[in-house]
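*Asks:* Any chance you could fold what I've pasted below:
(one chain, ligands or ions: 1)
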Amino acid sequence: MRRRVANEAVPKEAEVERTTSLPSEKWKRSFRTALLTWFAKHSRDLPWRKSRDLYRIWISEIMLQQTQVATVIPYFERFIATFPTVADLAAADEHDVMRHWEGLGYYRRARQLHAAAKQIVTLHKGKFPTNVDDVRGLPGIGRYTAGAILSIGLDAKLPILEANTIRLLARLSKYAGDCASRQGQEHLWAWSEAILPEAEVGRFNQALMELGSLVCTPKQPDCENCPAVKLCPTFAENLQKSIPAPKRPKAFEETREAAVIVLNRRREVLIRHCQPGERWSGLWDFLRVSLPLEPTRDNLLETASQQVETRFGFQVDCDDPIATLKHGVTRFKITLLVLPAAFRKQPAKLNRDEFVWSSISGLEDRPLHSSARRIAARLDQLLRTSRPKLF
Ligand code: ADE
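*Replies:* Numbers count the residues shown, from 1 in each chain. Got it, this is the predicted structure:
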């Protein structure tokens, strides 16, 4: 971002929309032309832009929620290579779907994707629906995703609103309020709908996202190279720093947990399939329990052992941590202690649907949360290089 310097072309009064009301016909015509001309030169060559197959667009849009384009590209390519059609995804094992999602986070997206694929097979004969109400009836699809899929795939005249376009439209409409508020959302959806062209809606919506992502960036928008600079009241008044209004900082909560590592004589580790309704349902994890934030060493090990018994019904003795990891999940900042443990009493029988003994190399094939994957790598290293006393 920069200040305008003297003698530089100042947008004419008429070119600047000064209110938060909807844009004029003249403004919309100028904006569409400027945006689409810019997009013809600057659109990125992204793998989901190579076809207009609704299934592929759907997968890309779900992956792109909360995740950067660069991170999504290899995941998208692997996912489509393994599950090229809705039917392939519907018929897949949940385990395989989760393994392909591992590392992308927000695993609920993968579970809902899988459930939606099954629904498409049963309710829509395996064809991705083209009616907006049917699309919105699928698990994990809200107004934004339905608009993105059907506009990009079929040029349906539907608006979109996601992080990049929220920022762009807030600046173009000089909306200084809270974009996440009800009023802010109503205002921004109304703008995203009002500016849609009659034709090429898919290209237009993608161009909006591209401009938001490449030019109208949060901290240093490249106003000099923006095709809409003359149409932007936020630029005209040098308000880029305060529009959009900064979000309230997230309130983080510090928590402490333990990953309890029980090995058997064959050097297999006890792992657990996270159950429906749990944070990582569908993924595998070590025996994970909550710990109070400030226990002393003795009561830390005692507490962890007790928690294992309360949660899972096994009596174990935990030993000193072999590692401490920090990781974040939504608003939680988690300090995770990795505690080796031995059974105090061998459990009579393990529920095979929930608990499995796995070799360390066997963990490769199982979907794990990234913190569990880090522990697996650590265990692999430890077991190769030393024989820790408890193992
Ligand atoms: N973010 C969300 N959807 C996108 C898309 N289709 N292209 C680029 N960035 C996006």
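*Asks:* going forward, measure contacts and count neighbours with C-alpha atoms only.
*Replies:* Will do.
*Asks:* residues near the residue lying closest to Ser21 once chain neighbours are set aside, how many?
*Replies:* Once flanking residues are discounted, Ser21 sits nearest to Ser173: 7.8 Å by Cα to Cα, 6 or more residues apart in numbering. By other Cα atoms under 10 Å, the residues close to Ser173 number 24.
*Asks:* Look up how far Tyr106 lies from the residue of the stretch 251-391 of the chain found nearest the ligand.
*Replies:* Distance from the ligand to each residue of the stretch 251-391 of the chain (Cα to the nearest ligand atom) is smallest for Thr330, at 20.0 Å. Between Thr330 and Tyr106 the computed distance is 9 Å (Cα to Cα, to the nearest Å).
*Asks:* Same drill for those two, tell me which one is more crowded.
*Replies:* Tyr106 (18 against 10).
*Asks:* Helix, strand, or coil at the most centrally placed residue in the chain?
*Replies:* Nearest residue to the geometric centre of the chain (Cα atoms, centre = their mean): Gln66, 3.3 Å. Under DSSP: H, G, I helix; E, B strand; the rest coil, Gln66 falls in the coil class.
*Asks:* next one: Pro321
*Replies:* coil.
*Asks:* That one touches Pro340, doesn't it?
*Replies:* Yes. With contacts counted by Cα atoms under 8 Å, Pro321 reaches Pro340, the gap being 6.9 Å.
*Asks:* So for those two, which sits in the more crowded spot?
*Replies:* Using other Cα under 10 Å as the criterion, Pro321 and Pro340 rank with Pro340 on top: 23 against 17.
*Asks:* Tell me who's in contact with that one.
*Replies:* The contact partners of Pro340, by Cα atoms under 8 Å, 6 or more residues apart in numbering, come to 260-262, 318-322, 390.
*Asks:* For those, which single residue is the most surrounded?
*Replies:* Val260 (28 neighbours).
*Asks:* dump the residue contacts of that one.
*Replies:* Taking Cα under 8 Å, 6+ apart, one finds 286-289, 318, 338-341 in contact with Val260.
*Asks:* Okay, now the sheet partners of the one helix or strand it maps to, with direction.
*Replies:* For Val260, the enclosing helix or strand under DSSP states H and E is strand 253-262. Sheet pairing of strand 253-262 (DSSP bridges) gives strand 287-291 (antiparallel), strand 332-345 (parallel).
*Asks:* Determine the set of other helices and strands touching the next helix or strand after it.
*Replies:* As assigned by DSSP H and E, the chain's next helix or strand after strand 253-262 is strand 269-273. Counting by 3 or more Cα pairs under 8 Å, 6 or more residues apart in numbering; DSSP states H and E, the packing neighbours recorded for strand 269-273 are strand 253-262, strand 284-285, strand 287-291, strand 355-358.
*Asks:* If you drop the residues flanking it in sequence, what lies closest to Ala148?
*Replies:* Ile160 is the one closest to Ala148 (Cα to Cα, 6+ apart), at 6.0 Å.
*Asks:* Does the one you found touch Ala190 like I think?
*Replies:* No. Using Cα under 8 Å, Ile160 is not in contact with Ala190; the gap is 10.3 Å.
*Asks:* Confirm that Gln307 sits in a helix.
*Replies:* Yes. With three-state DSSP as the criterion, Gln307 is part of a helix.
*Asks:* That one: neighbour count?
*Replies:* The burial count for Gln307: 20, using other Cα under 10 Å.
*Asks:* Quick one: residues contacting it.
*Replies:* Counted by Cα under 8 Å, 6+ apart, Gln307 has contacts 289-290.
*Asks:* List the buried residues in stretch 241-258.
*Replies:* For stretch 241-258, a neighbour-count test (16 or more other Cα atoms under 10 Å) marks 243-245, 255-258 as buried.
*Asks:* Report the separation between the two terminal residues of that stretch.
*Replies:* 42 Å.
*Asks:* contacts for that stretch?
*Replies:* Contacts for stretch 241-258 (Cα under 8 Å, 6+ apart): 167, 170-171, 174-179, 219, 234, 287-293, 304, 331-339.
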